[in-house]
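Visitor: Here's my sequence, what's the structure:
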Amino acid sequence: MTTAQLPSGSASAWSMALYLCGTGFALWALIMVLQPDPGFAADGPWLAMFWALQIGIGIAVLHGVLQLMRRLPKLARWPAWLLVAVSGVVGSFLLAPVYWLFGETLMQQALGFPATTDDDDDLVAPLGFGLAAMLQEFSDIVGPVTAAWLLISWPQLYGQTSTSPLVAVPQAAAPMPAPLPLPSPTESASPEPPAWRAALPRELGGDLIAVSSELQYLRVWTTRGNALVLGSLQDVEDGEGAGGMRVHRSWWVSARHVRSIRRSGDAAICDMSDGRQVPVSRRRKAEVLARFGDGARYEMPPAPPPTSTGLVQNKRLSPTWSDTGL
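Guide: Sure, this is the predicted structure:
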């Protein structure tokens, strides 16, 4: 959903957190209604706590795996649905020992709830913590976890185009009445836009101001508003090239919309054309100043008032980049 103006950063992250909490709660409620067998017999409140832990930790791990995968250049070019599916399988492998410890160690051994058995379980001794137990747990959870992860991500995946390279199909030759003039460099065909740009609503235009990362999504600000789309800052860096730069692990800015740079402790802040204040990380500060130092204004903090001793203060009338300490 596109809005003309929305608060930056925290409001968007809060809305994403609410979405994840809402879907997690809906999944928890569905499980409490269906009452699947967790492998032990316990009262309702204990089961509610057990499934809440399983779902909460599961969503956190799956989001972390997906975000790490999107930071890898080769994997970031995969279709979005494939990334989500693979992250579900990888996340299931990481969750297998956690889920086993919850069920076997916490609920059965620590809290003393008896294990539930069926006819097949009576013939096989329970497995202790080890590779065999982890592989068994993985085979039990990989299907449900991956399916639930795809279901949670479906609203964001619906309508997204594939990020894999498109192959141009040559058209059949047809008689031409006259040779067409060669296109100029500016008129030559350009490659297909990346998926995150293609997902932007048309009413926002294409004049970017800044882009921030929110989990596996991007909050994109233009001169006409902002929208939330699926993507990573690596996609923005690769697609926009010299048109801007990444000033923070969670922020990219357009070079033509940087109005000034000012000190913020040991770091700095980019003041953008729409009034937005974008933080500059310490390790990227030198690179940002080298890029925008000549075209952006650096604002010194106000000088302290004269002391009562009457000593003349050393005032810098024309601060430069070298003497500001940045």
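
Visitor: So which residues of the stretch 1-150 of the chain form strands?
Guide: For the stretch 1-150 of the chain, no strands are identified by DSSP state E, counting those that start in this stretch.

Visitor: Could you list the low-pLDDT ranges of it?
Guide: Applying pLDDT under 70 to the stretch 1-150 of the chain flags the ranges 1-16, 76, 117-129.

Visitor: Give the burial count for Leu93, as a bare number.
Guide: Check again: residue 93 is Phe, not Leu. Phe93: 16 surrounding residues under other CB atoms under 10 Å. Every C-beta, even on glycine, is put in place using the N, C-alpha and C of the backbone.

Visitor: List the buried residues in stretch 262-270.
Guide: Neighbour-count burial for stretch 262-270, counted by 16 or more other CB atoms under 10 Å, picks out 262-263, 267-270.

Visitor: tell me which of those is nearest to Gly225?
Guide: In terms of CB to CB, no member of those lies closer to Gly225 than Cys270, at 19.9 Å.

Visitor: List the neighbouring strands of the one helix or strand the closest one maps to plus their orientation.
Guide: Per DSSP states H and E: Cys270 is located in strand 267-272. The pairing partners recorded for strand 267-272 under DSSP bridges are strand 258-264 (antiparallel), strand 277-280 (antiparallel).

Visitor: in the stretch 101-250 of the chain, which spans are helices?
Guide: 131-157, 195-198, 233-240 (DSSP state H, counting those that start in this stretch).

Visitor: and Met245, what is it in contact with?
Guide: 237, 252-253, 255, 287-288, 291 (CB atoms under 8 Å, 6 or more residues apart in numbering).

Visitor: mind running it again at 6 Å?
Guide: Contacts for Met245 (CB atoms under 6 Å, 6 or more residues apart in numbering) come out as Arg291.

Visitor: Likewise for Leu62?
Guide: 91, 149.

Visitor: Ok, Leu208 next?
Guide: 222, 254.

Visitor: Distance check, it against Val253.
Guide: 9 Å (CB to CB, to the nearest Å).

Visitor: and what of Trp46?
Guide: Applying CB to CB to Trp46 and Val253 gives a distance of 50 Å.

Visitor: So for the two, which sits in the more crowded spot?
Guide: Neighbour count, other CB under 10 Å: between Trp46 and Val253, Val253 has more, with 27 against 15.

Visitor: Need the three-state assignment for the more buried one.
Guide: Following DSSP: H, G, I helix; E, B strand; the rest coil, we place Val253 in the strand state.

Visitor: beta partners for the nearest residue to it once chain neighbours are set aside?
Guide: Once flanking residues are discounted, Val253 sits nearest to Ala210: 4.9 Å by CB to CB, 6 or more residues apart in numbering. According to DSSP bridges, Trp221, Val253 are recorded as the beta-bridge partners of Ala210.

Visitor: Ala210 - how many residues pack around it?
Guide: For Ala210, using other CB under 10 Å, the count is 24.

Visitor: Help me confirm that it comes into contact with Trp221.
Guide: Yes: if you go by CB atoms under 6 Å, Ala210 and Trp221 touch, sitting 4.9 Å apart.

Visitor: just to revisit the earlier point, nearest to Pro97, of the strands paired with strand 267-272?
Guide: strand 277-280 (37.1 Å).

Visitor: List of residues touching that closest one?
Guide: Contacts of strand 277-280 (CB under 6 Å, 6+ apart): 210, 247-248, 251, 253, 267-270, 288.

Visitor: and the residues you listed as TSV, adding pLDDT?
Guide: TSV is the format used below for these (pLDDT from 0 to 100):
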residue	pLDDT
Ala210	94
Val247	89
His248	89
Trp251	93
Val253	94
Ala267	76
Ala268	85
Ile269	89
Cys270	90
Val288	86
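
Visitor: Need the max-distance pair from those residues.
Guide: Ala210 and Ala267 (16.5 Å).

Visitor: Grab the nearest non-local neighbour of Met134.
Guide: Ala96 (5.0 Å).
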